[in-house]
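K.L.:
A predicted structure for the sequence below; I have some questions about it.
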Amino acid sequence: MRKAQLIGQVFVLVIAAIVFILILAYGYSAISHFLQSSEQVAFLDFKTSLISAIEQIKPDFGSVRKLSLHVPKRYNKLCVVSSYPSEIVLASDFKDEYPVLFEVWQTGSENVFLLPKQQSGLFVSDVFVDKGYFCIDISRVVDLRIKGLGDRTGVSVW
């Protein structure tokens, strides 16, 4: 009779350990999913803020604004390239310094890049950069100077 009680206690402990491990595994996966979705939301907020600010100031010739953007925390560098293929970009050192980004830019699918590149960048139409491109180190917030040029928007570092 005592042996049966001992086996019953071991069985209960094993079941309790299995339930505890399942709860921990589910909690870990849920938390990691929440963190991943919050980064996606931060990226989408960055994207919509940038695109709407550029579209808003574009027709306002000569207007200048300071644009403060919150960047998702896993990125440490922002590169902006003119959306128009031009001799300025081709003559700059962008091709040598960032060959992968240069090839993506040439396809016309992206011109704003967050590094380290882990997801697709974004294309913002009608962007003009004086020297063809710029790349800046960032922390959580980046300040950009945007200027309305009538048919496009000039973007530079604030």
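P.N.:
Ah, there it is.

K.L.:
all helices for the protein, in order.
P.N.:
For the chain, helices defined by DSSP state H occupy the ranges 2-57, 87-91, 94-97, 99-107.

K.L.:
And those: which comes nearest residue 67?
P.N.:
Evaluated over the helices of the chain, closeness to residue 67 peaks at helix 2-57, with 5.0 Å, by C-beta to C-beta. C-beta here means a position set from N, CA and C on the backbone, and glycine is covered the same way.

K.L.:
lowest confidence element among the helices and strands of this protein?
P.N.:
helix 87-91 (a mean of 69; mean pLDDT, DSSP states H and E).

K.L.:
didn't residue 153 look like it was pressed against residue 144?
P.N.:
No - checked against C-beta atoms under 8 Å, the pair residue 153 and residue 144 is beyond contact range at 10.3 Å.

K.L.:
More neighbours: those two, which one.
P.N.:
residue 153 (25 against 20; other C-beta atoms under 10 Å).

K.L.:
Next, the contact list for the more buried one, please.
P.N.:
Taking C-beta atoms under 8 Å, 6 or more residues apart in numbering as the criterion, residue 153 is in contact with 54, 55, 57, 58, 126, 127, 128, 146, 147.
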